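**Student:** Okay, structure incoming, though there's no sequence with it:
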């Protein structure tokens, strides 16, 4: 997906000058992949026999998926790019990923989908923090 994200960012006639393109593309990709992983994990949790014990996991999956998708969409818009708004989206996404990863890690030894989702959340959180750092430096 990085190639597609990079291609679209490169094709933009007025890209945001203050953004590290590599960090931006990586973050958009991580956000979208994390949203998918959280959606799939929440759905898998619903199919588990002990669904009652996974209620919080399902909720954090849904919240994280929504915030990751929103961050990815906000970051994809280059026209009139607002660093402040991007920062809010990135901080919200990173926070949701941290909470979701912690919850999924509680179930990781019993459910592979939770382990995989937790890993994806940690990766997305790191990508959001890298992009935030690059925005602060720029």
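**Tutor:** Nice, thanks for sending it over. Predicted model, so just to flag it, every value in this text is computed and none were measured. Residues are numbered from 1 along each chain as shown.

**Student:** The residue nearest the centre of the chain: what's it in contact with?
**Tutor:** Geometric centre of the chain, nearest residue: residue 31, 2.9 Å, by CA atoms, centre = their mean. Neighbour list for residue 31: 68-69, 71-72, 75, 93, 124, 127-128 [criterion: CB atoms under 8 Å, 6 or more residues apart in numbering]. C-beta: built from backbone N, CA, C; applies to glycine.

**Student:** Can I get the residues you listed in TSV including neighbour count?
**Tutor:** Below are these laid out as TSV (neighbours: other CB atoms under 10 Å):
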residue	neighbour count
68	32
69	18
71	31
72	22
75	26
93	33
124	32
127	26
128	30
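
**Student:** And the furthest pair within the residues you listed?
**Tutor:** Across the contacts of residue 31, the longest distance by CB to CB is 14.4 Å; it joins 69 and 127.

**Student:** which SS class is the residue lying farthest from the centre of the chain?
**Tutor:** Centroid-distance maximum for the chain: residue 49 at 27.9 Å, with CA atoms, centre = their mean. Here residue 49 is recorded as coil under DSSP: H, G, I helix; E, B strand; the rest coil.

**Student:** what's the spacing between it and residue 107?
**Tutor:** 13 Å (CB to CB, to the nearest Å).

**Student:** Same question for residue 114.
**Tutor:** In terms of CB to CB, residue 114 sits 4 Å off from residue 107.

**Student:** So between the two, which is more surrounded?
**Tutor:** Between residue 114 and residue 107, counting by other CB atoms under 10 Å, residue 114 is the more crowded of the two (25 against 22).

**Student:** Can you give me every residue that contacts that one?
**Tutor:** Applying CB under 8 Å, 6+ apart, the residues contacting residue 114 are 41, 45, 57, 104-108.

**Student:** Can you name the two of the residues you listed that sit furthest apart?
**Tutor:** Using CB to CB, the contacts of residue 114 reach their maximum pairwise distance at 45 and 105, which is 13.8 Å.

**Student:** Done for today, thanks.
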